[in-house]
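# The following block contains a protein sequence and its predicted model.
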Amino acid sequence: GPPGRLKCFVSVLPMRWWWPWLAAAAEDWDQPDPLEWLVPSTWGKFVGGAPDAAVLFYLPWDTASQDLLPILRRVGRSKTKAVAVVDCDEQRAIAERSGIRRFPTLRAYARGEARGDYAGAWTPKEVHL
């Protein structure tokens with residue numbers, strides 16, 4: 001079980017505070033990741049072949065980048081748009097070649113052409129791809 005302090009802390013919180021988080025985490029636990037994690041060998045095929053795609057250029061240690069992953073997973077599961085992620089710590093060449101200067105950057109692509117960067121709010125209700 002959890003350490004004593006954590007167990008005590010969770011037990012004093014009202015269930016309505018922690019149950020939705022736990023239920024959401026359990027719901028996705030056994031689901032395959034709908035995001036494609038791009039590397040140089042998969043970049044051209046994904047971006048060039050998708051008629052409507054979104055690519056998140058992110059840094060794994062950046063909290064704003066981390067906050068976008070669950071939102072993009074929902075979009076990926078809906079199958080309305082091809083969604084991929086580039087870990088810019090590991091794949092610096094892709095980020096440099098794409099001209100990425102700030103993180104996170106969410107860029108739209110259509111058949112290999114960059115269509116622009118998302119410039120709206122970064123909340124689940126407001127990210128429209």
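Alright, I've got the coordinates.
# Low-confidence ranges, the protein, go.
For the chain, residues meeting the criterion pLDDT under 70 lie at 1-30, 121-129.
# ok, which stretches of it are strands?
For the chain, the strands defined by DSSP state E occupy 36-37, 53-58, 82-87, 105-110, 113-117.
# now the last one and strand 53-58, what's the angle there?
Direction vectors for strand 113-117 and strand 53-58, defined by axes from the mean of the first three to the mean of the last three C-alpha atoms, to 10 degrees, enclose an angle of 60 degrees.
# Now do strand 113-117: which elements does it pack against?
In terms of contacts (3 or more C-beta pairs under 8 Å, 6 or more residues apart in numbering; DSSP states H and E), strand 113-117 is packed against strand 105-110. C-beta coordinates here come from the backbone N, C-alpha and C atoms, glycine included.
# ok, back up a step: would you list the strands of the chain in CSV and tack on mean neighbour count and distance to residue 94?
Shown next, in CSV, are the strands of the chain (neighbours: other C-beta atoms under 10 Å; distance: least, C-beta to C-beta, whole Å):
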stretch, mean neighbour count, distance to residue 94
strand 36-37, 15, 11
strand 53-58, 24, 8
strand 82-87, 22, 5
strand 105-110, 18, 11
strand 113-117, 11, 13
